[in-house]
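>>> Requesting a structural model of the entry that follows:
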Amino acid sequence: MNIGVRPFIVAGILLGVCWGTFAQSRAPGVPSAAAAPAGEFRPVTDEMLRNPAASDWLHWRRNYDGSGYSPLDQINRQTVGQLQLAWAWGMEPGSQETTPLVYGGVMYLAHPDNVIQALDAAKGDLLWEYRREFRQAAPNAPAAGGAPPIPRGRPLRSLAIYEDKVFVNTADAHIVALDARTGKVVWETRVAERLSFQTGGLVVRGKLISGLQSCARYTNEKCAITAHDTKTGRELWRTVTLAQPGQPGSETWGDVPPLFRAGGDLWITGSYDPELDLIYWGVTQAKPWASFNRGNAGDALYSNSTLALNPDTGKMVWYYQHIPGDTMDMDDNFENVLVDRGGRKSLFKMGKVGILWQLDRVTGKLVSAVDLGYQRVVTLDRKRGQAIPRADLMPKPNQVLEMCPTIDGMKSWRAMAYSPQTHAFYIPLALACEKGAFLHVEPVEGGGGGGFSRKELFHHPESGGNVGEFVAMDAATGRVLWRHRQRAIFNTAALTTAGGLVFVGDLNRHINAYDVSTGELLWQTRGVTTSPQGFPITYAVGGKQYLAVPVGVGAQGWANSIPRALTPEIKRPSAGNAVFVYTLPDKK
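Sure thing, here's the model as predicted:
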């Protein structure tokens with residue numbers, strides 16, 4: 001045999017093997033194993049979830065406290081400038097909002113449309129894949145009757161891992177438990193008929209706790225926080241998020257029938273305090289958004305609230321409602337960051353209006369509320385301890401109102417991060433306003449929705465023509481320590497590390513690393529397919545630290561309508577979902 005031909009023959013054989021593996025992986029709902037993780041798999045324990053190894057990223061925000069902070073410091077102020085690409089991996093098309101999980105050198109990656117892959121976290125090699133098959137949406141599909149079809153490209157923000165299973169909360173409201181070693185389905189359970197999931201669950205002592213969404217329509221099926229047994233998938237409890245007749249808080253809805261109590265979605269995974277044994281979850285606004293569509297009901301509990309629940313029973317221990325009777329889609333349902341300050345067990349969060357809330361996480365009482373000063377839609381009532389919708393901006397049908405921020409929010413699902421080094425929060429913001437009208441929504445079964453028509457987007461008067469702002473706020477005082485403004489919107493969650501760094505991406509395809517203390521830009525790269533988008537993480541394999549940054553498209557108004565209107569010169573490719581992984585060069 002001609003030795004010059006042999007490499008091509010070998011290459012052809014390898015290509016055929018790879019193609020066969022790829023073809024198998026394309027089969028709906030079928031896992032494929034392209035390789036096996038190195039070493040023996042060690043089940044994830046409760047203790048690991050309480051105190052994750054510095055090398056792993058086991059929760060949506062790494063730890064139960066929701067802080068988005070990593071104790072790794074190999075990549076630091078002195079070395080970050082040496083970061084180089086280690087590997088990259090293309091992802092499925094659709095709306096990109098993912099958070100990779102990493103355990104034992106394996107990355108578990110959720111793609112749009114609930115495609116799940118396990119990758120070698122050091123090399124980027126595919127280990128296994130799971131694909132879910134959905135009934136796809138048809139044009140002009142009816143709103144009522146039967147389970148709705150699923151639109152293509154739905155995002156999944158996170159996964160959960162426990163013992164030897166990876167848990168997938170699907171767009172068609174199922175929970176699927178996959179074998180973490182092979183990707184094979186261990187069990188599957190339906191949670192709702194007409195609702196959906198868009199974010200992963202939280203594992204607490206053998207229970208997967210999850211939040212349902214897609215409750216904008218008038219149906220008898222309501223959004224709820226649920227708990228399922230991680231071994232069997234059996235439902236253990238369900239707590240509906242909007243008060244029903246006969247329940248505490250029902251009076252805040254007046255005489256609105258149960259069918260027309262809509263909203264209360266759960267878009268973001270909660271946090272957990274093992275010492276207090278309480279879980280904390282944010283609930284969105286009531287729907288339709290304008291109170292005139294809800295029959296001018298009162299506070300509409302438990303919309304726009306933070307709930308503290310017993311993880312064993314689902315019983316509500318306390319609640320705090322941020323904006324009672326919100327009427328402009330200004331919810332505060334985002335990440336709950338559990339930080340102890342001044343000897344107090346506190347919960348910090350920020351919602352769409354840009355108020356940094358500090359609650360006592362034992363009692364739910366308000367400790368402080370610091371308004372960044374950009375919003376123009378609520379008044380911070382210190383005596384009442386809540387944000388009250390402005391009377392002069394109460395919507396009337398078809399009346400055009402001027403709103404700051406937009407309904408997409410000054411703060412959105414791009415999570416803030418906390419640094420114990422500076423005792424500060426690092427928060428991506430959008431300085432945008434709009435004109436729009438709230439519309440009458442017919443109270444019929446299967447109807448509903450937000451009921452809003454956007455007319456015009458414009459820059460915030462104090463923005464200087466910028467849209468993106470990245471701000472550092474002191475946790476104790478709410479004082480702004482430093483801020484960066486730029487034309488391009490900051491489009492990822494923040495990530496803080498023990499290396500004295502905070503990472504964040506923007507729409508102009510930059511990944512940025514700032515000094516947490518000074519705000520100095522220490523490293524920036526633009527070598528990605530499209531804009532960074534989702535939740536960056538950091539992890540270590542074999543004593544080597546890596547930075548993983550998802551990039552992609554979609555992801556609602558922050559990344560689409562607002563930039564198109566206010567920064568039209570900034571373009572991003574309309575495809576290119578991927579994860580890019582960086583590390584430091586090997587020492588010679």
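>>> use CA for all of it now, contacts and neighbours both
Fine.
>>> And residue 440, which helix or strand is it part of?
Counting by DSSP states H and E, no helix or strand carries residue 440.
>>> so what's the residue lying closest to it once chain neighbours are set aside up against?
The shortest distance from residue 440 to any non-neighbouring residue, by CA to CA, 6 or more residues apart in numbering, is to residue 397 (5.8 Å). With contact set as CA atoms under 8 Å, 6 or more residues apart in numbering, residue 397 has these partners: 292, 437, 438, 439, 440.
>>> Next: residue 345.
Contact analysis of residue 345 by CA under 8 Å, 6+ apart lists 338, 339, 360, 361, 362.
>>> what's the most distant pair in those?
Between any two of these, the greatest separation by CA to CA is 12.2 Å, found for 339 and 362.
>>> Low-confidence regions, this structure specifically.
For the chain, the stretches flagged by pLDDT under 70 are 1-39, 136-148.
>>> repeat that for 80
Residues of the chain that meet the criterion pLDDT under 80 lie in 1-39, 135-150, 296-297, 382-383, 588.
>>> Helices of that one, start to end?
For the chain, applying DSSP state H gives helices covering 6-25, 46-50, 561-566.
>>> And residue 339 and residue 362? Which one has more around it.
Neighbours were counted for residue 339 and for residue 362 using other CA atoms under 10 Å; residue 339 has more, 20 against 16.
>>> can you pull up the bridge partners for that one?
For residue 339, the beta-bridge partners under DSSP bridges are residue 346.
>>> That one against residue 64, yeah?
No. Look at residue 339 against residue 64 with CA atoms under 8 Å: they stay out of range, at 11.0 Å.
>>> Now for residue 339 and residue 362: what residues contact both?
Common neighbours of residue 339 and residue 362, using CA under 8 Å, 6+ apart, are 345, 346.
>>> Could you tell me the phi and psi values at the residue nearest to residue 440?
Backbone geometry at residue 397, expressed as degrees, to the nearest 10, gives phi -50, psi 130.
>>> need the contact list for the residue lying closest to residue 425 once chain neighbours are set aside.
Residue nearest to residue 425 in three dimensions, not counting chain neighbours: residue 418, with 4.5 Å by CA to CA, 6+ apart. By CA under 8 Å, 6+ apart, residue 418 lies in contact with 67, 68, 69, 337, 424, 425, 426, 496.
>>> Taking those residues, please make a PyMOL selection of just the buried ones.
Selection command for PyMOL covering only the buried members of the contacts of residue 418, criterion 16 or more other CA atoms under 10 Å:
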select buried, resi 67+68+69+337+424+425+426+496
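>>> Is it possible to get JSON lines of the contacts of residue 418 that adds distance to residue 210?
Shown next, in JSON lines, are the contacts of residue 418 (distance: CA to CA, whole Å):
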{"residue": "67", "distance to residue 210": "19"}
{"residue": "68", "distance to residue 210": "19"}
{"residue": "69", "distance to residue 210": "22"}
{"residue": "337", "distance to residue 210": "18"}
{"residue": "424", "distance to residue 210": "29"}
{"residue": "425", "distance to residue 210": "26"}
{"residue": "426", "distance to residue 210": "26"}
{"residue": "496", "distance to residue 210": "26"}
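>>> re the thing from before, ok, the residue nearest to residue 440 to residue 330 distance?
The gap separating residue 397 from residue 330 is 18 Å, by CA to CA, to the nearest Å.
>>> Please apply the same query to residue 356.
Distance, residue 356 to residue 330, using CA to CA: 14 Å.
>>> Please determine how far residue 336 is located from residue 497.
The spacing between residue 336 and residue 497, counted by CA to CA, is 19 Å.
>>> before we move on, what about residue 382?
Distance of residue 382 to residue 497, computed by CA to CA: 35 Å.
>>> More neighbours: which of the two?
residue 497 (25 against 11).
>>> Name the nearest residue to that one, ignoring sequence neighbours.
Spatially, and ignoring its direct neighbours in sequence, residue 497 is nearest to residue 70 (4.6 Å; CA to CA, 6+ apart).
>>> just checking, that neighbour touches residue 545?
No. Using CA under 8 Å as the test, residue 70 is too far from residue 545 to be in contact (10.9 Å).
>>> overlap in contacts of the two?
Residues touching both residue 70 and residue 545 (CA under 8 Å, 6+ apart): residue 538.
>>> who has more neighbours, those two?
More crowded of residue 70 and residue 545, by other CA under 10 Å: residue 70, with 24 against 19.
>>> for that one, what are its contacts?
If you count contacts by CA under 8 Å, 6+ apart, residue 70 has them with 54, 62, 495, 496, 497, 498, 538.
>>> Look up how far residue 404 lies from residue 432.
As judged by CA to CA, residue 432 and residue 404 stand 7 Å apart.
>>> hang on, the earlier thing: may I see the contacts of residue 345 organised as a markdown table, with distance to residue 76 added?
Shown next, in a markdown table, are these (distance: CA to CA, whole Å):
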| residue | distance to residue 76 |
| --- | --- |
| 338 | 25 |
| 339 | 23 |
| 360 | 33 |
| 361 | 32 |
| 362 | 35 |
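>>> got the contact list for residue 235?
226, 227, 228, 229.
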